[in-house]
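**Q** Turn this into a model:
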Amino acid sequence: MLRDGGILSWGETEVTHPSSCEMTVLDQEFVVANKLGIHARVAAQIVKVASQFKSEIQISKSGHTVSGKSILDIMTLVCPQGSTVRISACGPDASDALYAIAGLFQTKFGES
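**A** Okay, here's the model as predicted:
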């Protein structure tokens, strides 16, 4: 398991996205590596990046799935350092969206 904000897995799944997206869903797991976990500033960074794409972005942790384009929704996941989250994207630019979000996790959101 990677502990430096790295990618745990990359997948492409032929399933229906929770909000009825009928395209291929791409998903990726990440470990939250920054010391403070996903707090308000980090959630805002995720939303800022996710909102640049047409694809629907969702974040899941422990069976709970929320919109990746809502700061409040992301905050409800309660993701301290070491948490594993799955980010899924469905839409015409899903691959680009996951790549951009992966960059946030890999750089620990600019934190230590």
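**Q** Okay, helices next: where are they in this structure?
**A** Ranges of helices in the chain, per DSSP state H, are 40-50, 71-75, 94-106.
**Q** what's in contact with stretch 43-62?
**A** The contact list for stretch 43-62, computed with Cβ atoms under 8 Å, 6 or more residues apart in numbering, reads 17-19, 21, 38, 65-71, 73-75, 77-79, 83-94, 96-97, 100-101, 104, 109-110. In this view, the C-beta of every residue, glycine as well, is placed from N, C-alpha and C.
**Q** again, only this time at 7 Å
**A** For stretch 43-62, contacts defined as Cβ atoms under 7 Å, 6 or more residues apart in numbering pick out 17-19, 21, 65-71, 74-75, 77, 79, 83, 85-94, 96-97, 100-101, 104, 109.
**Q** Point out the ones among those residues that are inside strands.
**A** Using DSSP state E, the members of the contacts of stretch 43-62 that fall within strands are 65-67, 85-90.
**Q** is it possible to export these to CSV including neighbour count?
**A** Formatted as CSV, the ones in strands among the contacts of stretch 43-62 follow (neighbours: other Cβ atoms under 10 Å):
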residue, neighbour count
Thr65, 17
Val66, 18
Ser67, 17
Val85, 21
Arg86, 16
Ile87, 22
Ser88, 25
Ala89, 28
Cys90, 24
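**Q** could these go into CSV alongside distance to Phe53?
**A** Shown next, in CSV, are those (distance: Cβ to Cβ, whole Å):
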residue, distance to Phe53
Thr65, 18
Val66, 17
Ser67, 13
Val85, 18
Arg86, 17
Ile87, 12
Ser88, 13
Ala89, 7
Cys90, 11
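**Q** Can you lay out the residues you listed as JSON lines showing pLDDT and distance to Ile59?
**A** Shown next, in JSON lines, are the ones in strands among the contacts of stretch 43-62 (pLDDT from 0 to 100; distance: Cβ to Cβ, whole Å):
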{"residue": "Thr65", "pLDDT": "96", "distance to Ile59": "7"}
{"residue": "Val66", "pLDDT": "97", "distance to Ile59": "6"}
{"residue": "Ser67", "pLDDT": "97", "distance to Ile59": "8"}
{"residue": "Val85", "pLDDT": "97", "distance to Ile59": "6"}
{"residue": "Arg86", "pLDDT": "97", "distance to Ile59": "7"}
{"residue": "Ile87", "pLDDT": "97", "distance to Ile59": "5"}
{"residue": "Ser88", "pLDDT": "96", "distance to Ile59": "8"}
{"residue": "Ala89", "pLDDT": "96", "distance to Ile59": "10"}
{"residue": "Cys90", "pLDDT": "95", "distance to Ile59": "13"}
